[in-house]
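J.: pasting the structure only:
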């Protein structure tokens with residue numbers, strides 16, 4: 001359901017917002033698919049009138065976004081991010097909207113379960129990775145990496161780093177010092193052109209290990225220095241990444257093998273994934 005995959009067989013215009021790191025979808029296209037309305041704009045006007053809460057929500061959550069029109073020319077199109085679009089779909093009384101509503105009910109129920117028992121979220125995530133063909137050893141490192149990352153971001157929030165933009169800058173500092181590349185440069189290195197590709201889901205075991213080392217080191221340094229606000233935490237991020245970078249270079253010298261790999265998991269067959277795992281094992 002990521003990026004509204006239920007629409008992947010339909011023509012729904014969308015635009016990527018690099019600043020917000022999210023997709024915006026054409027509301028008109030989605031409503032047309034779900035209602036077959038002859039006049040989508042009139043339908044939406046009546047929908048907002050019938051659901052006053054949606055009308056209030058509409059103003060700030062459904063901006064005009066530049067997208068190609070039916071004639072191919074770029075023009076402002078009323079759009080919504082996934083969260084806002086799902087809110088609109090909840091108000092549409094159409095049989096075609098039922099799969100989305102059922103999915104939302106299921107996800108909502110699962111989220112409540114995970115709040116009561118956080119281990120369920122971990123189990124479900126592990127199962128998703130298994131279904132994608134990742135090895136158990138890789139999954140264990142990926143899950144551990146998520147925990148290390150959460151600990152770091154929690155520490156940043158406690159130390160006055162609040163904005164998502166600042167999180168991204170600090171993460172880039174750690175990555176640059178660890179691998180010699182920012183996350184954006186690393187994605188180019190691995191030929192991950194799709195904005196929704198998660199870099200860490202395409203890292204080898206060793207890349208995950210050194211990512212963890214850089215972030216865990218940054219957390220520890222921030223604590224020891226009692227780093228406050230963005231500038232001091234930026235210095236801690238550089239120091240933490242440098243520790244991981246020095247360890248990476250030492251391993252590369254001793255093993256004769258580069259840690260950073262251009263390979264990704266997008267098109268790996270089971271056999272290729274197994275071979276990649278074996279190569280990583282030999283390197284360690």
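T.: Arrived safely, thanks for sending. In this text the structure is predicted, and so the values were computed from the model without any measurement.
J.: show me where pLDDT drops low in the stretch 101-250 of the chain?
T.: Judged by pLDDT under 70, the stretch 101-250 of the chain has no weakly predicted residues.
J.: Let me see the ranges of the helices in it.
T.: Counting by DSSP state H, counting those that start in this stretch, one finds helices in the stretch 101-250 of the chain at the ranges 119-132, 136-158, 164-179, 183-189, 205-225, 229-255.
J.: which residues touch the second one?
T.: With CB atoms under 8 Å, 6 or more residues apart in numbering as the test, helix 136-158 has contacts from 122, 125-126, 129-130, 134, 166-167, 170, 200-201, 205, 208-209, 211-212, 215-216, 218-219, 222-223, 233, 277. No exception for glycine: its C-beta is placed from N, CA and C like everyone else's.
J.: Show me just the buried residues among these.
T.: Applying 16 or more other CB atoms under 10 Å to the contacts of helix 136-158, the neighbour count classes 126, 129, 134, 166-167, 170, 201, 205, 208-209, 211-212, 215-216, 218-219, 222, 233, 277 as buried.
J.: and residue 61, what does it touch?
T.: 80, 81, 83, 84, 87.
J.: Neighbour count and distance to residue 178 for those residues - can I get that in CSV?
T.: What follows is the contacts of residue 61, written out as CSV (neighbours: other CB atoms under 10 Å; distance: CB to CB, whole Å):
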residue, neighbour count, distance to residue 178
80, 23, 37
81, 17, 31
83, 9, 33
84, 20, 36
87, 18, 39
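J.: Among those, which ones are in strands?
T.: residue 80 (DSSP state E).
J.: could the helices of the stretch 101-250 of the chain go into CSV alongside distance to residue 101?
T.: Shown next, in CSV, are the helices of the stretch 101-250 of the chain (distance: least, CB to CB, whole Å):
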stretch, distance to residue 101
helix 119-132, 21
helix 136-158, 30
helix 164-179, 30
helix 183-189, 35
helix 205-225, 37
helix 229-255, 42
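J.: Of these, which is nearest residue 48?
T.: helix 164-179 (29.7 Å; CB to CB).
J.: what helices or strands is that closest one leaning on?
T.: helix 136-158, helix 183-189, helix 205-225, helix 229-255 (3 or more CB pairs under 8 Å, 6 or more residues apart in numbering; DSSP states H and E).
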